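**Q** Give me a 3D structure for the following:
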Amino acid sequence: MSFMIDVSEVMYVLSKFSDFVRKEKFTEYKNSLSVELLKAIIGSYNQKEPQIVKSIVGVFNGMPKNESINEIQHNAIFIHARRVKFDYYDNLQDNIQFNNSSKKTERELGDAIFILSICFNGKKYFEKFTISQFKKDDQKQKNSRWVIDQAQLYLLSRFPEFCGGKESIFPNNYNLSNEYGCLGSYNLLYKPGDFIYLTAPILEGVLGGQKSIGIDKVMQYGTQIDKIKIKKFYPFFLFPYCRCLMCFDEECLNHLYHNFNVLGYNYYSANVYEFIDNYLRGNIGELCYTPIGKYNESAADFIYDLLENIKNSKDSNGSEIGKTFYNIFYKYPYVYSRGSKGNTDNKQGIKTSNRDADRGNGDNGKNGGGSYLDSNNEGEEGRGIGIIHTLININAREE
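**A** Numbering: from 1, shown residues only. The predicted structure follows:
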């Protein structure tokens, strides 16, 4: 997908964002956010993962406004989510043996979705997200060790076609492209209240076919990953526009890394501090919007569908939290339309899916128009998903 936009304009925005994350006020803010997250995780560690994710959602929503750094805004919600259905080894074998094509494996899509939008003068230029599964360590083990559900890992590392059903916030059949291996991820929680972040394909490789893994092995592999991938924070979507990326000149690439170090691809963060630093720099997840170069259009369409399906949601008190989240998410328009489906609303830059006409506008939880949110009732098996959106708006007038 290409747009009529001056490449130098995008490079300018990228450089301003890079300048912003080098400022002392950014470092102070990310450290403050990290401390609050650690407090929340420690305070809720004896509870199940959904409660821990709820506490994390509360931290992002509760971060006090700081006059010295008004560029960063958070918007988070915890919503009930049905499991999604997909084909996995076990049911594929059963379908062949018993000719029962309707049998599917069911798992939650994830515990949290982390989304970051980078804006300049009130317009979105970049957007990234990851679908993450939180996993507590085995309380019976002296040293942290995690038992990994193989079907869940299969879903987040491969993203086979999946669907949550018509009363789900994922009502359609989705085939998501995991282009850089960062769309699915894990947050491995360990005592007394921290986590290791790594992408699902990396975790699968580290597991090596085993069903559980210890913290020592994860960190050992993490160090190797760090040497190979973590320092390569090059904005690869700029390939067609940047000579040093085209020729792979190491000196040029190192120059690019040291001058930007943003909007790359992070596969491993050893703790909350590293994760927050990478998240706020735009190094977490798949790129789902940029006005130039390539981005993951299937991921962009998925986020659009998700927001459309939660915007009519209400909490147990009847508050329209879904609509509030939706409106804040689209507070700033995209500099150009995004995604591969439908038309564009010129006022907000929000694309309109051709499938919307088939969804209906009901409020009874059917066809993607219902009330899925209930902050006090955890619903089906106590499961839910936290959607955490961070918006960084760099204002030229303040530079």
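**Q** For residue 7, give its distance to residue 261.
**A** From residue 7 over to residue 261 the distance is 20 Å, taken as CB to CB, to the nearest Å. For every residue, glycine as well, the C-beta is placed using N, CA and C.
**Q** Which of these two has more residues huddled nearby?
**A** The residue with more neighbours, out of residue 7 and residue 261, is residue 261; 19 against 14, by other CB atoms under 10 Å.
**Q** Could you measure from that one over to residue 20?
**A** 12 Å.
**Q** same deal with residue 73?
**A** As judged by CB to CB, residue 73 and residue 20 stand 14 Å apart.
**Q** if I look at these two, which residues touch both of them?
**A** Jointly contacting residue 73 and residue 20 under the rule CB atoms under 8 Å, 6 or more residues apart in numbering are residue 392.
**Q** These two: who's more crowded?
**A** residue 20 (21 against 18).
**Q** Show me which positions of stretch 282-296 end up buried.
**A** Neighbour-count burial for stretch 282-296 flags 282-293, 295-296 (criterion: 16 or more other CB atoms under 10 Å).
**Q** Point out the least confident one among those.
**A** Ranked by pLDDT, the buried residues of stretch 282-296 bottom out at residue 293 (75).
**Q** How much space separates the nearest residue to residue 107 once chain neighbours are set aside from residue 47?
**A** Of all residues not flanking residue 107 in the chain, residue 152 sits nearest, at 4.9 Å (CB to CB, 6 or more residues apart in numbering). Note on residue 152: its distance to residue 47, by CB to CB, is 20 Å.
**Q** more crowded one of these two?
**A** Neighbour tally, residue 152 and residue 47, criterion other CB under 10 Å: the higher count belongs to residue 152, 20 against 12.
**Q** so what pLDDT did that one get?
**A** Listed pLDDT for residue 152 reads 97.
**Q** mind listing what it touches?
**A** Neighbour list for residue 152: 107-108, 133 [criterion: CB under 8 Å, 6+ apart].
**Q** Next, residue 57: secondary structure please.
**A** Local secondary structure at residue 57 is given as helix here, using DSSP: H, G, I helix; E, B strand; the rest coil.
**Q** so who does it touch?
**A** Listed by CB under 8 Å, 6+ apart, the contact set of residue 57 reads 76-78, 386, 388.
**Q** Does anything pack onto the helix or strand where residue 32 lies? Which helices or strands?
**A** For residue 32, the host element (DSSP states H and E) is helix 24-44. On a contact count with 3 or more CB pairs under 8 Å, 6 or more residues apart in numbering; DSSP states H and E, helix 24-44 meets helix 49-62, strand 194-199, helix 272-281.
**Q** biggest separation within the contacts of residue 57, which pair?
**A** 78 and 388 (9.5 Å; CB to CB).
**Q** Could you tell me the end-to-end distance of stretch 274-290?
**A** In stretch 274-290, first residue to last residue: 24 Å (CA to CA, to the nearest Å).
**Q** my bad, stretch 315-331
**A** Terminal residues of stretch 315-331 are spaced 22 Å apart (CA to CA).
**Q** which parts of the longest strand along the chain are buried?
**A** Using DSSP state E to define each element, the chain has its longest strand at strand 123-136. For strand 123-136, a neighbour-count test (16+ other CB under 10 Å) marks 124-136 as buried.
**Q** next one: stretch 62-78
**A** Residues of stretch 62-78 classed as buried by neighbour count (16+ other CB under 10 Å): 63, 69, 71-78.
**Q** Pick out whichever of those sits closest to residue 277.
**A** The closest of these to residue 277 turns out to be residue 72 (CB to CB; 13.1 Å).
**Q** doesn't residue 394 make contact with that closest one?
**A** No: Residue 72 is not in contact with residue 394 according to CB atoms under 8 Å; the separation is 10.2 Å.
**Q** Output the below-cut-off pLDDT ranges for the stretch 1-150 of the chain.
**A** Applying pLDDT under 70 to the stretch 1-150 of the chain flags residues 1-5, 94-102.
**Q** Can you show me the helices along this structure?
**A** Taking DSSP state H to define them, one finds helices in the chain at 7-20, 24-44, 49-62, 89-98, 150-158, 200-207, 215-225, 243-247, 250-259, 272-281, 297-310, 321-329.
**Q** what does the longest one contact?
**A** Translated: helix 24-44. By CB under 8 Å, 6+ apart, helix 24-44 touches 20, 51-52, 54-56, 58-59, 62-63, 66, 68-69, 72, 189, 192-195, 272-273, 276-277, 280.
**Q** which residues does residue 63 contact?
**A** Residue 63 is in contact with 32-33, 36, 74, counting by CB under 8 Å, 6+ apart.
**Q** Please state the backbone phi and psi of it?
**A** Note on residue 63: its backbone torsions stand at phi -60, psi 120 [degrees, to the nearest 10].
**Q** Return the distance of it relative to residue 74.
**A** Applying CB to CB, the value for residue 63 to residue 74 is 6 Å.
**Q** of all the helices and strands packed on helix 24-44, which lies closest to residue 15?
**A** So among the helices and strands packed on helix 24-44, helix 272-281 is nearest, using CB to CB, at 13.8 Å.
**Q** Which elements pack onto that closest one?
**A** Under the contact definition 3+ CB pairs under 8 Å, 6+ apart, helix 272-281 sits against helix 24-44, strand 112-120, strand 194-199, strand 268-269, strand 385-394.
**Q** give the contact list for the residue nearest the centre of the chain.
**A** When CA atoms, centre = their mean is applied to the chain, the residue found nearest the centroid is residue 130 (2.5 Å). Residue 130 makes contacts with 113-114, 182-185, 199, 284-286, as judged by CB under 8 Å, 6+ apart.
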